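> Okay, sequence plus prediction incoming.
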Amino acid sequence: MSSPVVSVRGLGKQYQLGAALRHDTLRDHISHAVKRLVGGKKESRKTDGEDFIWALKDVSFDIGRGEVVGIVGRNGAGKSTLLKILSQITEPSTGEVRVRGRVASLLEVGTGFHPELTGRENIFLNGAILGMTRAEIRKSFDEIVAFAEVEKFLDTPVKRYSSGMYVRLAFAVAAHLEPEVLVVDEVLAVGDAAFRKKCMGKMGEVASLGRTVLLVSHNMGAITSLCDRGLVVDHGRIVFDGPAHTAVQAYNSSQSAAGTGQSEEGVIYTLPRDSALLRKSAITKLEMLDAEGNPKPHLATGESVALRITFYLSAPAPRCGVEIMFSTSEGGRLLVIATDPQSGFPLNLEEGFHAVECVIEKLPLGAGDFFISGALTIPYEEFLARWANLGQLSVASGDVYDSGCVVTTDHSIIVTDHRWRVVAARREGEPE
C-alpha cells in the first residue's frame, strides 16, 4: 500500500458509565482554570475500575486511497465511536489517528447542520467547515440540490425538514463537496429504497474517483456489493480485517456462536432484561410458533410458522412499523416482511412492551441456514431501532408443493408454490 489516507495506531476510547454528558461554557472553563491557579483540588479520575468502559481498545489499521471499507459489528461494538474519532468529533483516550485530506461525515440525522438555518445556508456552512471557498461550493451547489430532491424547501429552515429530507440533503452535501474521505454511518437506512440505491451508486462513484469511503451498515448485502474490504468490530477491538465477503461471513458466524440461534423452545433471539439497549426502542425477543401458539424449534421448507416479535418502545409511536429481513450467510437480502400502511397493518402504540405475530402459511425458504435481522421504524421516515442481527434460522428439506416431492438443499434458495399444466402447442404464424 502506498502512503495511507487513514492511519490508526493503538486507538482507544474510554467512557464513564452513568456519567451525564456535559458541555462546558467559556465561563465554566475560566472558573476551572481559576480553581487550579489557587490550588484547588484536582478531580481524580479512575481509569481501570468498574465505573469505566473501553468503547475501543488497541485498534490499529491503515486505509489506502480509493479503498471502500465496510465496518460491521453488533450494536455497542464500537463502530460509531470509531467513526466519530476518525471524523474528529470525539477525541481518543489513547493512541493516534492520522487522516490525510478533508473528511466529510454523515453519522446521524442532524450532524453538521444548524436547525435554524435554511437548506441553502447549511450547504454553504458545511462547505466552509470542510475548508472550501464560496466559489467551490457554488460549483457543486446545483448538483447537490438536484441529488437531494429538496428544491422546493431550499429556503426553509432545516428544523422543519422530515428525517428523510434531512438525510438526503446531508448526504448530498457530504458526497458532492469533494472530500478525500467520506464517512457514512447507518443513517442511510432512513429514506426510501430508491434514494438508498442512489446513495450507494454515488459512494461507488466517489471511490472510482480515487477517494476513500468508510461505511458502517447492518445491511450485509450493501457491505458485500459496495465494499472491497471489511473490518469486524467486537467489544471495541478489530477481530477481522480482510475481504468484505469474508468479513460478513466471519460476523455472521460470530453471531451464531454467541448464542443467537434457535433454541428448543423456538426462541431465536432474546435481549437480556438488563441490556443498555432497553433505554431506547429495541426488539427484545423473536420466537417461532406453530398454529396453536406452541414453540416450534424446527422448521422445514413449505411449513406454516408464526413469528412472534416482542419489542420495547421508549416513547409513544403512533405510526410504528416492525420489519423482519431474511438473508443468506453472505449477506444477500432474500425477503423482507413488515407491518406498515401498505400491508394493511399499521400500528399505533404507547410506550412500553408490545408483541405482534406474522403468520407465514408456506415458508418460501429452501433448505439451509439463513440469518434474520429486525428493525423498528416509522415507515418512510426514520428507524426507531436500526437493523440488528437477531440470529440464525435453520430450515430443513420439506414438501412445499404437497406433491410428496421433498425440496432438497441443492434445489434453490427461494421456493414458491406453483402449478404446471400442459397446453396445446402451435407453430409461429398459425392462427389461434
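Yep, it's here. The shown structure was predicted, so the numbers you read here are calculated from the model rather than taken from an experiment.
> Tell me which residues touch G230, please.
Contact criterion CB atoms under 8 Å, 6 or more residues apart in numbering gives 69-72, 223, 240-248 as the residues in contact with G230. Where you see a C-beta, it was placed from the backbone N, CA and C, and this is true even at glycine.
> hang on, T90 in a helix?
No - T90 is assigned coil when assessed by DSSP: H, G, I helix; E, B strand; the rest coil, not a helix.
> Lowest average confidence across helices and strands of this structure, where is it?
For the chain, scoring each helix and strand by mean pLDDT, DSSP states H and E identifies helix 26-37 as the least confident one, at a mean of 59.
> Show me what the next helix or strand after it packs onto, helices and strands only.
Using DSSP states H and E, the helix or strand that directly follows helix 26-37 along the chain is strand 52-63. Of the remaining helices and strands, those touching strand 52-63 by 3 or more CB pairs under 8 Å, 6 or more residues apart in numbering; DSSP states H and E are strand 6-16, helix 79-86, strand 94-99, strand 237-243.
> same thing but 7 Å
Contact here means 3 or more CB pairs under 7 Å, 6 or more residues apart in numbering; DSSP states H and E; on that basis strand 52-63 packs against strand 6-16, helix 79-86, strand 237-243.
> Comparing the ones you listed, which comes out most buried?
Most buried of these by mean neighbour count (mean count of other CB atoms under 10 Å) is helix 79-86; its value is a mean of 23.
> so what does that helix touch, helix or strand wise?
When contacts are defined as 3+ CB pairs under 7 Å, 6+ apart, helix 79-86 sits against strand 6-16, strand 52-63, strand 94-99, strand 212-216.
> Pipe those strands into a markdown table and attach distance to A172 and mean pLDDT per row.
Formatted as a markdown table, the entries for the helices and strands packed on helix 79-86 read as follows, by distance: least, CB to CB, whole Å; pLDDT from 0 to 100:
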| stretch | distance to A172 | mean pLDDT |
| --- | --- | --- |
| strand 6-16 | 23 | 90 |
| strand 52-63 | 24 | 90 |
| strand 94-99 | 22 | 92 |
| strand 212-216 | 15 | 90 |
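> now for those, which one comes closest to I337?
strand 212-216 (24.9 Å; CB to CB).
> So what are the sheet partners of the closest one and their directions?
If you go by DSSP bridges, strand 212-216 pairs up with strand 68-72 (parallel), strand 181-184 (parallel).
> what sits up against that strand?
Contacts with strand 212-216, where a contact means CB atoms under 7 Å, 6 or more residues apart in numbering, come from 5-6, 63, 65-71, 79-80, 83, 86, 180-186, 203, 206-207, 226-227.
> Confirm I137 sits in a helix?
Yes - assignment of I137 by three-state DSSP places it within a helix.
> Can you flag the buried ones in the contacts of strand 212-216?
Applying a neighbour-count criterion of 16 or more other CB atoms under 10 Å, the buried members of the contacts of strand 212-216 are 5-6, 63, 65, 67-71, 79-80, 83, 86, 180-186, 203, 206-207, 226-227.
> all helices for the stretch 101-250 of the chain, in order.
Here the stretch 101-250 of the chain has its helices, by DSSP state H, counting those that start in this stretch, at 119-129, 134-148, 163-176, 193-208, 220-226, 244-257.
> which one of those has the lowest average pLDDT?
Mean pLDDT values for the helices of the stretch 101-250 of the chain show the minimum at helix 244-257, a mean of 74.
> The next helix or strand after that helix pairs with which strands, parallel or anti?
Toward the C-terminal end, the helix or strand that comes next after helix 244-257 (DSSP H and E) is strand 267-270. Note on strand 267-270: by DSSP bridges, its sheet partners are strand 282-289 (antiparallel).
> what's the average pLDDT for whichever helix or strand comes after the partner strand?
Read in the C-terminal direction, the helix or strand following strand 282-289 is strand 299-300, with elements assigned using DSSP H and E. When the per-residue pLDDT values of strand 299-300 are averaged, the result is 85.
> could you give the mean pLDDT of the following helix or strand past strand 299-300?
For strand 299-300, the succeeding helix or strand toward the C-terminus, using DSSP H and E, is strand 305-313. This predicted structure assigns strand 305-313 an average pLDDT of 92.
> Any buried residues in strand 305-313, and which?
Applying a neighbour-count criterion of 16+ other CB under 10 Å, one finds 305-313 buried in strand 305-313.
> now, which of these sits nearest E91?
Within the set of the buried residues of strand 305-313, Y312 lies nearest E91; the separation is 32.8 Å, counting by CB to CB.
> is that closest one in a bridge, and if so with what?
If you apply DSSP bridges, the partners that Y312 bridges to are A282, F353.
> For the stretch 301-432 of the chain, which segments are assigned as strands?
With DSSP state E, counting those that start in this stretch, the ranges of strands along the stretch 301-432 of the chain come out as 305-313, 317-327, 333-338, 347-349, 352-360, 368-378, 382-396.
> Of these, which shows the lowest average pLDDT?
Set side by side, these differ in mean pLDDT, and strand 382-396 is lowest with a mean of 75.
> Between the helices of the stretch 101-250 of the chain, which one is closest to S105.
Sorting those by CB to CB, the top spot, which is the nearest, belongs to helix 163-176 at 6.8 Å.
> so that closest one versus strand 212-216, what angle?
Counting by axes from the mean of the first three to the mean of the last three CA atoms, to 10 degrees, helix 163-176 lies at 150 degrees to strand 212-216.
> Pull out the buried residues from helix 163-176.
Applying a neighbour-count criterion of 16+ other CB under 10 Å, one finds 163-176 buried in helix 163-176.
> Closest one of those to T270?
T270 lies nearest to S163 out of the buried residues of helix 163-176, by CB to CB, at 29.6 Å.
> What spatial separation is found between the closest one and S93?
From S163 over to S93 the distance is 32 Å, taken as CB to CB, to the nearest Å.
> pretty sure R333 contacts M220?
No - R333 is not in contact with M220 according to CB atoms under 7 Å; the separation is 8.1 Å.
> returning to what we had before: save the helices and strands packed on helix 79-86 as CSV, and put in distance to K296 too.
Written out in CSV, the entries for the helices and strands packed on helix 79-86 read as follows (distance: least, CB to CB, whole Å):
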stretch, distance to K296
strand 6-16, 41
strand 52-63, 38
strand 94-99, 48
strand 212-216, 34
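> Please identify which of those strands is closest to F345.
For these, distance to F345 was read as CB to CB. The smallest value, 30.7 Å, belongs to strand 212-216.
> Restrict the closest one to CA atoms and write it as CSV.
Taking only C-alpha atoms (Å, rounded to 0.1, in the frame of the first residue of the first chain), the coordinates of strand 212-216 have been written out as CSV:
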residue,chain,number,x,y,z
THR,A,212,-11.8,6.8,0.3
VAL,A,213,-15.2,5.6,1.7
LEU,A,214,-15.9,4.1,5.1
LEU,A,215,-19.3,2.6,5.6
VAL,A,216,-21.0,1.3,8.7
